[in-house]
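A.B. asks: Sequence and predicted structure below; questions after.
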Amino acid sequence: VLAIARDPQADDGSCVLSQAKNNLGRLDVPSLRYVVRTAEVPTDDENAPAMVGVLDFVGESDRSVDDILAENASDPGDRAERDEAAAWLSAYLSDQPNQESTATEVFKEGSAAGFSKDQLKRAKTKARAVSRKSDFGGGWVWALHTPGPAKGAKGAKGAPF
């Protein structure tokens, strides 16, 4: 499932396109930023070209649609707590080997820093962290996700689509 939201923090009026749900594929695909530009398309009537909107992808976004919607829906106190937990989580994972740690250690160290398990789970997306199984039968690992171009993605003007 793809989701789209206008980013109120963007100076250029751009929107964000991100994956909202995926049951079978990769979960670490980047969010993309785009603007809608007007384009003229010729028609059969040479005197009446059609004006249409064109999505112009301008790069990746560090914000997902979930982030944008959550900021608009939650109260400022919740956002401040999530921001604080996300900053802690990002710093913690950055200091770990391979920028990853077991979920058990994240929760243990996070608790020692004053964060609940639920706060850390809510902060994971904002911290750009992903979780995955370490191996078959193994536990969960949380790791920082470093955004980059989608594999095999090509498009006009360097856009990923």
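C.D. replies: Thanks, I have the structure now. Numbers count the residues shown, from 1 in each chain.
A.B. asks: Tell me which helix or strand in this protein has the weakest average pLDDT.
C.D. replies: Across the helices and strands of the chain, mean pLDDT, DSSP states H and E gives its lowest value to helix 65-73, namely a mean of 78.
A.B. asks: helices and strands around it, which ones?
C.D. replies: strand 2-6, strand 15-19, helix 76-94, helix 117-126 (3 or more Cβ pairs under 8 Å, 6 or more residues apart in numbering; DSSP states H and E). C-betas here are computed from N, CA, C, even on glycine.
A.B. asks: For the strand or helix carrying T38, what is the distance to the chain centroid?
C.D. replies: Per DSSP states H and E: T38 is located in strand 31-41. Taking Cα atoms, centre = their mean, to the nearest Å, one finds strand 31-41 lying 20 Å from the centre of the chain it belongs to.
A.B. asks: Would you mind listing the buried residues in whichever helix or strand comes after it?
C.D. replies: Using DSSP H and E, the helix or strand that follows strand 31-41 in sequence is strand 50-61. Neighbour counts over strand 50-61 (16 or more other Cβ atoms under 10 Å) mark F57, V58, E60, S61 as buried.
A.B. asks: Could you pull up the residues touching the second one?
C.D. replies: I take that to be V58. D12, S14, R33, Y34, V35 (Cβ atoms under 8 Å, 6 or more residues apart in numbering).
A.B. asks: where's the last one relative to S14, distance?
C.D. replies: When you say that, I think you mean V35. Distance of V35 to S14, given as Cβ to Cβ, to the nearest Å: 5 Å.
A.B. asks: Contact partners for V41?
C.D. replies: Neighbouring residues of V41 by Cβ under 8 Å, 6+ apart: P49, A50, M51, V52.
A.B. asks: Noted, bye for now.
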